[in-house]
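1. only geometry, no sequence info:
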């Protein structure tokens, strides 16, 4: 599907919570023009809506069309958007249980004009459901996706709640929901947002007798919603964790899709000393991807695992390799990731390991920068998570305070911490690599994979006489980088020398 224009720049993008990195929108703008100058060609603002501190760190907005006043106003969003293209989340699947719309339904029941917006058990299964119907529903967490609630008209309903009881699922086919979502798109387009990420869209359409996850009905809805975004000049990124074949299929139908298989495969390569699995993915992965190593969620396992025993459902890693990967993350992080993963904490996604990417590599600067160079050199648009930007450690104190597993990778940075972080050699080298990725003309040319031994990965970008070539040895954890500087090839093999190239 062709977007109205290629709005997302072919440059590194920052993904961040505004408050946890910079305090407010004005502070973020100051950071981007100061110590992070030229490091990013776009910013994904994680939910900045009212409120930012609900049940799910802003992914349960009471009012999706309003900026949380603690961060600023839409004028501040517009001002930031004048500097860099901005992405915002369109939270498609649900709305807060404290939203005015759902509170009206609680008070008035079916007499509320908003009643059709919300999914119930009966609206999906009007004739009831069998045990098989319920077990077929794809779940991001243990248990069934329903919460019993009493309404003001004295009726009781099983309300569909995919994630938490504080997040009430929407009927995306209801006229009232269409009006609601279009109003958000209109607000975005009018206030400096140029890209939208369809959050949790894989769960948005519930169809009796199916998994209710990435079904043909889901694809049809994504097509429809993407078209509505395009009419407003908005580019669309789809966020779905699923089997890799599903990701390839999704990529053929949307503007951009995340490469969620990359993080576990890079870890596997650096743990095992073999690039075979990673090179295989490089050959078949979508080129319209947003590449990530870390996000506000955990490190996905389902994205590289098998979908089932049937032919064609094989994973990019087998079951034994996935077990080794998960245990490797726990071991390299000194066991801290185990405290935040699975049933050990309040987790929405049991198929993810909660850990910073830096700690998943044992806080090894050389391995970490190799991982980032691989991310920056692969086709697609690289997106860097704010904790990863500063090579952050697991925040055990925050995890202990909130009991939310994903908070281990959602640190609140103070200005002093940022000042100290940007002086660390690993961060200085990463910033230099980002600036090189943003400015070198070779990255606007053609990409090719190069031959290498099992423990090596090599790739080259060429644009006329301009070249940017990367060789990494995951066993020795070394790299060789050759780029043209004013027409002359220059090779560096030290992370400290990266700062001389940009």
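-> Yep, it's here. Since the model is a prediction, treat every value here as computed from it, not as a measurement. Numbers count the residues shown, from 1 in each chain.

2. For the rest of this, base every contact and every neighbour count on C-alpha atoms.
-> OK.

3. Enumerate every residue touching residue 276.
-> 269, 454, 455 (CA atoms under 8 Å, 6 or more residues apart in numbering).

4. and the first one, what is it in contact with?
-> Looking back up the chat, that one is residue 269. Counting by CA under 8 Å, 6+ apart, residue 269 has contacts 275, 276, 277, 278, 474.

5. which residue sits closest to the residue nearest to the spatial centre of the chain, ignoring its sequence neighbours?
-> Centroid-nearest residue in the chain, with CA atoms, centre = their mean: residue 295, separated by 4.9 Å. Excluding its sequence neighbours, the residue lying closest to residue 295 (CA to CA, 6 or more residues apart in numbering) is residue 385, at 5.4 Å.

6. Count residues in the vicinity of the one you found, would you?
-> 23 (other CA atoms under 10 Å).

7. quick revisit: does the residue nearest to the centre of the chain count as helix, strand or coil?
-> coil (DSSP: H, G, I helix; E, B strand; the rest coil).

8. how about low-confidence regions in the stretch 401-502 of the chain?
-> 502 (pLDDT under 70).

9. all strands for it, in order.
-> 446-450, 456-463, 466-473, 478-485, 488-492 (DSSP state E, counting those that start in this stretch).

10. now those strands in TSV, with mean neighbour count and distance to residue 146?
-> Output for those, formatted as TSV (neighbours: other CA atoms under 10 Å; distance: least, CA to CA, whole Å):
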stretch	mean neighbour count	distance to residue 146
strand 446-450	15	47
strand 456-463	20	46
strand 466-473	23	48
strand 478-485	18	50
strand 488-492	14	56
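
11. Can you say which of the ones you listed is nearest to residue 100?
-> strand 446-450 (50.1 Å; CA to CA).

12. how about the residue nearest to the centre of the chain, what does it touch?
-> Here residue 295 is in contact with 15, 384, 385 (CA under 8 Å, 6+ apart).

13. State the pLDDT value of it.
-> Residue 295 is assigned a predicted lDDT (pLDDT) of 95.

14. rewinding a little: next step: the contacts of residue 276 restricted to helices.
-> residue 269 (DSSP state H).

15. a markdown table for the contacts of residue 276, including distance to residue 56?
-> Shown next, in a markdown table, are the contacts of residue 276 (distance: CA to CA, whole Å):
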| residue | distance to residue 56 |
| --- | --- |
| 269 | 33 |
| 454 | 42 |
| 455 | 40 |
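
16. Tell me which stretches of the stretch 151-300 of the chain form strands.
-> 156-160, 167-169, 193-199, 235-238, 256-259, 289-291, 299-300.

17. does residue 46 really touch residue 17, like I thought?
-> Yes - assessed by CA atoms under 8 Å, residue 46 is found in contact with residue 17 at 5.0 Å.

18. Which one's more surrounded, those two?
-> Neighbours were counted for residue 46 and for residue 17 using other CA under 10 Å; residue 17 has more, 26 against 20.

19. In this structure that one contacts residue 49, no?
-> No - here residue 17 does not reach residue 49: they are 11.0 Å apart, not a contact under CA under 8 Å.

20. how close does residue 97 sit to residue 203?
-> The gap separating residue 97 from residue 203 is 18 Å, by CA to CA, to the nearest Å.

21. More neighbours: which of these two?
-> Ranked by neighbour count (other CA under 10 Å), residue 97 and residue 203 place residue 203 first, with 24 against 21.

22. For the residue nearest to that one when sequence neighbours are not counted, give its distance to residue 140.
-> Leaving aside its sequence neighbours, residue 203 sits nearest to residue 213 (CA to CA, 6+ apart; 5.0 Å). Distance, residue 213 to residue 140, using CA to CA: 10 Å.

23. Which one of the two is surrounded by more residues?
-> Between residue 213 and residue 140, counted using other CA under 10 Å, residue 213 has the larger neighbour count: 23 against 17.

24. show me what contacts the more buried one?
-> 137, 138, 202, 203, 204, 205, 206.

25. Please tabulate these in JSON lines, including the columns distance to residue 154 and pLDDT.
-> Output for those, formatted as JSON lines (distance: CA to CA, whole Å; pLDDT from 0 to 100):
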{"residue": "137", "distance to residue 154": "29", "pLDDT": "94"}
{"residue": "138", "distance to residue 154": "31", "pLDDT": "88"}
{"residue": "202", "distance to residue 154": "33", "pLDDT": "92"}
{"residue": "203", "distance to residue 154": "29", "pLDDT": "94"}
{"residue": "204", "distance to residue 154": "28", "pLDDT": "96"}
{"residue": "205", "distance to residue 154": "28", "pLDDT": "97"}
{"residue": "206", "distance to residue 154": "26", "pLDDT": "97"}
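
26. Looking at those, which is nearest residue 149?
-> residue 206 (19.6 Å).

27. Now do the same contact list for the closest one.
-> By CA under 8 Å, 6+ apart, the residues touching residue 206 are 124, 212, 213.

28. Roughly how far does it sit from residue 113?
-> From residue 206 to residue 113 the distance is 22 Å (CA to CA).

29. tally of neighbours for the nearest residue to residue 18 once chain neighbours are set aside?
-> Spatial nearest neighbour of residue 18, chain neighbours left out: residue 24 (5.7 Å); criterion: CA to CA, 6+ apart. By other CA under 10 Å, the residues close to residue 24 number 20.

30. hang on, the earlier thing: pipe the strands of the stretch 401-502 of the chain into CSV and attach distance to residue 317 per row.
-> Shown next, in CSV, are these (distance: least, CA to CA, whole Å):
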stretch, distance to residue 317
strand 446-450, 21
strand 456-463, 18
strand 466-473, 20
strand 478-485, 24
strand 488-492, 32
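
31. on that earlier part again, and the residue nearest to residue 203, what's its pLDDT?
-> Reading off the model, residue 213 has pLDDT 92.

32. try residue 1
-> 47.

33. again, but for the one 5 residues further on
-> On pLDDT, residue 6 comes in at 59.

34. could you pull out the helices for the stretch 251-400 of the chain?
-> Along the stretch 251-400 of the chain, the stretches classed as helices by DSSP state H, counting those that start in this stretch are 262-272, 276-284, 319-332, 336-339, 357-360, 365-377, 386-389, 396-402.

35. so where's the stretch 251-400 of the chain shaky on pLDDT?
-> The low-confidence ranges in the stretch 251-400 of the chain, as defined by pLDDT under 70, are 308-309, 343-350.

36. if you set the cut-off to 80 instead, what comes out?
-> The stretch 251-400 of the chain contains residues with pLDDT under 80 at 307-312, 342-351.

37. Walk me through the domains of this structure.
-> 100-168, 444-500 (automatic domain parsing).

38. still on that earlier bit, looking at the strands of the stretch 151-300 of the chain, which is closest to residue 389?
-> strand 289-291 (14.3 Å).

39. Can you list the strands that the closest one pairs with?
-> The sheet places strand 289-291 alongside strand 256-259 (parallel), strand 381-385 (parallel), with pairing taken from DSSP bridges.

40. Residues in contact with the first one: which ones?
-> The set of residues that contact strand 256-259 without belonging to it, under CA under 8 Å, 6+ apart, is 236-240, 247, 250-251, 285-286, 288-292.
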